[in-house]
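Participant: Model the following, please.
(one chain, ligands or ions: 1)
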Amino acid sequence: MPKTFFITTAIDYTNSPPHVGHAYEKILADVIARYHRLKGEKVFFLTGVDQHGQKVQQSAAKAGIPPSEFVKGITQKFIDLWKKLDVQYDEWAQTTSDRHKKVVRGILQRLFDAGQIYKDKQAGYYSVRQEQFLTDKERGPDGQFGTEWGEIEFREEENYYFKLSQHKDWLLAYLDKRKDAVIPDFRQTELRNAVEKITGDLCISRPKSRLDWGIELPFDKDFVTYVWFDALTNYISFADYNPSLSTFNCQPSTFLQKWPALQIIGKDILVPAHGIYWLIMLHAIGFPDDQTPRLLVHGWWNLSGAKMSKSAGNIVDPFVLADKYSADALRYYLMSDIATGQDADFSEERLVERYNADLANSLGNLLNRTLYMVTKYRSGKVKPVRFAFAIGEFDSPENESELAALVVNFPVDSMPFVPDYAGYFDAHRVSIVLEHVWDAVTACNTLVDCAAPWKLAQDPAQADRLDAVLYYLAESLRIIAILISPVLPKAAHGIFDQLNWKMELNGKEERFSLADAEWGELPDGHVVGKPVRLFPRIETTEL
Ligand code: MSP
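Facilitator: Prediction:
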């Protein structure tokens, strides 16, 4: 049975519209999914929205509409955004769908029957804003609960609990055994430390009297399930998991082909949600250790060092940025200016700076000048002349050091970075991938400056050199288009269009394949198209 690469992201809360942080996570997942398709693998990319909960109920009440109407509006905003940003997912998870509810209820019933869920009474201080009971751990040095908890009240309530702490030792052993359970390493350490501190069980319900916007417990109609059994289960309910089959291997083949997933989540929901609750939930319903998903934990985009939030009023709207600068410009910035796993500071000035420097000047110019020269000096036709003999011999003494660097960086008839591309991508180091690709772009531009094709064109004795240089540039651009296609799908198509290459697959993702990143595919006599500006410069006065 051929395995499908299964990639998921956190589902987004529908209590407020998407911001640039949400966009980052989906673009990262989309880039990784596109990379796997580029390698020829089958991919199942799942994302969606988290529609239940108290905050949604409150926001809907504030807006004076039923929660079902409220979530429809916000859900549509997320769908529109992913379309605008070329985020291409295979399945859309929305937690109010019947398909999902059935699986959530099936799992709860199974765990209840197995004695993993019990009813208990809790009394204590409760944060209405954070929707949780508070313990002494939450008290500040002055013994009071901080303002971040909002209004505090004393509550006594019966609820259902999942026997979380019973699985603590399993989780510790699992984390010790599996070194890549969480990526990057320091997050695995953070998780392990948190697991050590598990003491109690997990409250998984709310009485309907105060929250009815949720999935009803199958064994008690007076309660809905609260947050995690509802939200986390999406990763399997939309992948064809069948809760009535308790043996993992008996699951439908459509599920087994996909699972386990690589799950992409932000750093805020590793502990306790995904790292503790989710992994334990899967273990409790019979997932073997080798079927436990890996968690890729990304950092956050902040604004001047501060967290972006609706209440702080510092939300950056990705719709506005995509309309102003294009989807590719936003994708490039969000993928190149952050190291996966670390935080970064969002800056519109920096987005424009990188766009102008890397896309408009470096890559855009390279494409433009290459096509212009091939058209002008060779009527658009390329000729695969070997480049080796010419490289150190260009008559440009003032550029000697650059030429020397080129000789090292440009082995004959190849692009040096291609063999390492997959390694960096498999390590999710997208910004490093881009750095290397841009080294190649810079080297090509240096080659143009050093070789000065306009001079070569004046001397018929230099015809071979001119052909060699032009072929090198055109072929490099073809390979560069393939390598950037996961991050910049539109630009990659634009380059192929202008190179007049694989026109029959125009607009289709299959146009790009890593196997085609081999040197020398442009045939003798291939006619390239006319240059068209791929990335018009952004004038900074527009800011
Ligand atoms: N609905 C829950 C997740 C349930 S998963 C079963 C949730 N939603 S969220 O809308 O608050 O966040 C969705 C994702 O966006 C999370 O992975 C979160 O880390 C990520 N981000 C939210 N703000 C972000 C930034 N400022 N920067 C990067 N990612 C951010 O959590």
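Participant: Please count neighbours and contacts with C-alpha atoms only from this point.
Facilitator: Will do.
Participant: Tell me, please, the helix or strand in the chain that averages the lowest pLDDT.
Facilitator: Of all regular secondary-structure elements in the chain, judged by mean pLDDT, DSSP states H and E, the least confident is helix 400-409 with a mean of 53.
Participant: next SSE after that one?
Facilitator: Next helix or strand after helix 400-409 toward the C-terminus (DSSP states H and E): helix 418-426.
Participant: For that following helix, which outside residues touch it?
Facilitator: Residues external to helix 418-426 that are found in contact with it (Cα atoms under 8 Å, 6 or more residues apart in numbering): 32, 35, 430, 432-433, 517.
Participant: and that helix, what's its mean pLDDT?
Facilitator: Helix 418-426 comes out with an average pLDDT of 93.
Participant: Now for Cys159: which residues touch it?
Facilitator: For the record, residue 159 is Asn, not Cys. Applying Cα under 8 Å, 6+ apart, we find Asn159 in contact with 119-122, 203-207.
Participant: Lowest-confidence member of the residues you listed, which is it?
Facilitator: Sorting the contacts of Asn159 by pLDDT puts Gln122 at the bottom of the list (90).
Participant: in its sheet, what does the strand or helix carrying that one sit against?
Facilitator: Gln122 is part of strand 117-127 when elements are defined by DSSP H and E. In the sheet containing strand 117-127, the strands it pairs with under DSSP bridges are strand 132-133 (antiparallel), strand 152-162 (antiparallel).
Participant: ok, which residues in the protein are in contact with the ligand?
Facilitator: Taking Cα under 6 Å from any ligand atom as the criterion, the chain approaches the ligand at residues 10-13, 21-22, 24-25, 50, 231-232, 265-268, 299-302, 308.
Participant: Flag whichever of the strands paired with strand 117-127 has the least confidence on average.
Facilitator: Across the strands paired with strand 117-127, strand 132-133 gives the lowest mean pLDDT, at a mean of 80.
Participant: Other residues contacting it?
Facilitator: Contacts of strand 132-133 with the rest of the structure, by Cα under 8 Å, 6+ apart, involve 124-127.
Participant: Repeat that for stretch 332-346.
Facilitator: Among residues not part of stretch 332-346, those counted as contacts by Cα under 8 Å, 6+ apart are 24, 27-28, 183-184, 297-305, 351, 354-355, 428-432, 434-435, 487-488.
Participant: OK, contacts around Ala194?
Facilitator: 271-272.
Participant: Mind checking what helix or strand follows the helix or strand in which it is found in sequence?
Facilitator: Remark: Ala194 resides in helix 185-196, with elements defined by DSSP H and E. Past helix 185-196, further along toward the C-terminus, the next helix or strand under DSSP H and E is strand 202-203.
Participant: any idea how far that next one is from the chain center?
Facilitator: Averaged C-alpha coordinates place strand 202-203 at 30 Å from its chain's average position (Cα atoms, centre = their mean, to the nearest Å).
Participant: How about residues contacting it?
Facilitator: Outside of strand 202-203, the residues that reach it under the criterion Cα under 8 Å, 6+ apart are 159-164, 226.
Participant: What's the PyMOL syntax to select whichever of the residues you listed are buried?
Facilitator: Of the contacts of strand 202-203, the buried ones go into a single PyMOL selection, burial set by 16 or more other Cα atoms under 10 Å:
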select buried, resi 159+160+161+162+163+164+226
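Participant: Out of the contacts of strand 202-203, the closest to Gln58 would be?
Facilitator: Compare each of the contacts of strand 202-203 with Gln58 using Cα to Cα and the shortest gap goes to Tyr226, at 15.0 Å.
Participant: Distance of the closest one relative to the ligand?
Facilitator: For Tyr226, the distance to the ligand equals 12 Å [Cα to the nearest ligand atom, to the nearest Å].
Participant: Kindly report the same for Pro486.
Facilitator: Distance, Pro486 to the ligand, using Cα to the nearest ligand atom: 20 Å.
Participant: What is the neighbour count of that residue?
Facilitator: 25 (other Cα atoms under 10 Å).
Participant: and what of Arg155?
Facilitator: The number of residues packed around Arg155, counting by other Cα under 10 Å, is 12.
Participant: need the contact list for it.
Facilitator: Neighbour list for Arg155: 122-126 [criterion: Cα under 8 Å, 6+ apart].
Participant: how much space is there between it and Leu202?
Facilitator: With the distance defined as Cα to Cα, to the nearest Å, Arg155 ends up 17 Å from Leu202.
Participant: re the thing from before, now, which of the contacts of strand 202-203 sits nearest Ala63?
Facilitator: Nearest to Ala63, judged by Cα to Cα, of these is Tyr226 at 22.6 Å.
Participant: So the closest one sits against Ile204, correct?
Facilitator: Yes. A contact is recorded between Tyr226 and Ile204 when judged using Cα atoms under 8 Å, the distance being 5.1 Å.
Participant: Flag the shaky bits of the stretch 301-450 of the chain, pLDDT-wise.
Facilitator: For the stretch 301-450 of the chain, applying pLDDT under 70 flags the ranges 387-414.
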